[in-house]
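S.K.: just to be clear, the model below is a prediction. Sequence and coordinates:
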Amino acid sequence: MSGKFVVGYDGSEAARRALDFAIERAAAQGGAVLIAHVLEWSPYSFLTPTELEERHKRRREELERAETALMAPVVKEASGKGAEIESVIRYGRIAEVLCEIARENGAGQIFIGRNGHSAWGARVFGSVASALVQTAPVPCTIVP
């Protein structure tokens, strides 16, 4: 099994628990953690060229905000805890993209947090976790 773990991260407390859990395991094995943030994005083929350009501009702005406000601080905080830390931000369906990232990086496991205390958490846990455990190319750990 690879010493690299992918952690789905959205800034929530549940995601933070999953990240901390993965870092502990990676540090114990001398491994690495790839923190992955997925921005949900659906392509619209019926937009005009002007609308598409505006949408691509907003997409670039979202990527920059996610890197600055979410990923850079968590990477800085997670570094120095005994595991190599990397990050990636992508667009798409969360479970599918996490599986792609795991395949592309030769990851040995995927970690996500579970937050069942809100409608959002229930939606994410129900759809992302279910999809991951059914389609992931590697074992998945859902951290409570």
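M.R.: Good, I have the coordinates. Numbers count the residues shown, from 1 in each chain.

S.K.: now do the strands for the chain: every range, in order, please.
M.R.: Per DSSP state E, the chain has strands spanning 4-8, 32-39, 84-91, 109-113, 140-143. These are given in chain order.

S.K.: let me have those in JSON lines, extended by mean neighbour count.
M.R.: Where you see a C-beta, it was placed from the backbone N, CA and C, and this is true even at glycine. JSON lines is the format used below for these (neighbours: other C-beta atoms under 10 Å):
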{"stretch": "strand 4-8", "mean neighbour count": "28"}
{"stretch": "strand 32-39", "mean neighbour count": "23"}
{"stretch": "strand 84-91", "mean neighbour count": "16"}
{"stretch": "strand 109-113", "mean neighbour count": "27"}
{"stretch": "strand 140-143", "mean neighbour count": "19"}
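
S.K.: for the chain, give me the ranges with low pLDDT.
M.R.: Where the chain drops to pLDDT under 70, the residues are 1-2, 42-45, 115-126.

S.K.: can you give me the helices in it?
M.R.: 13-29, 49-65, 72-78, 94-104, 119-124, 130-135 (DSSP state H).

S.K.: against which helices or strands is the last one packed?
M.R.: So that's helix 130-135. For helix 130-135, the packing partners by 3 or more C-beta pairs under 8 Å, 6 or more residues apart in numbering; DSSP states H and E come out as helix 94-104, strand 140-143.

S.K.: so which bits of the first one are buried?
M.R.: When burial is assessed from 16 or more other C-beta atoms under 10 Å, helix 94-104 yields the following buried residues: 94-95, 97-102.

S.K.: now, which of these sits nearest Gln29?
M.R.: Ala102 (16.5 Å; C-beta to C-beta).

S.K.: I'm done for today, thanks for sticking with me.
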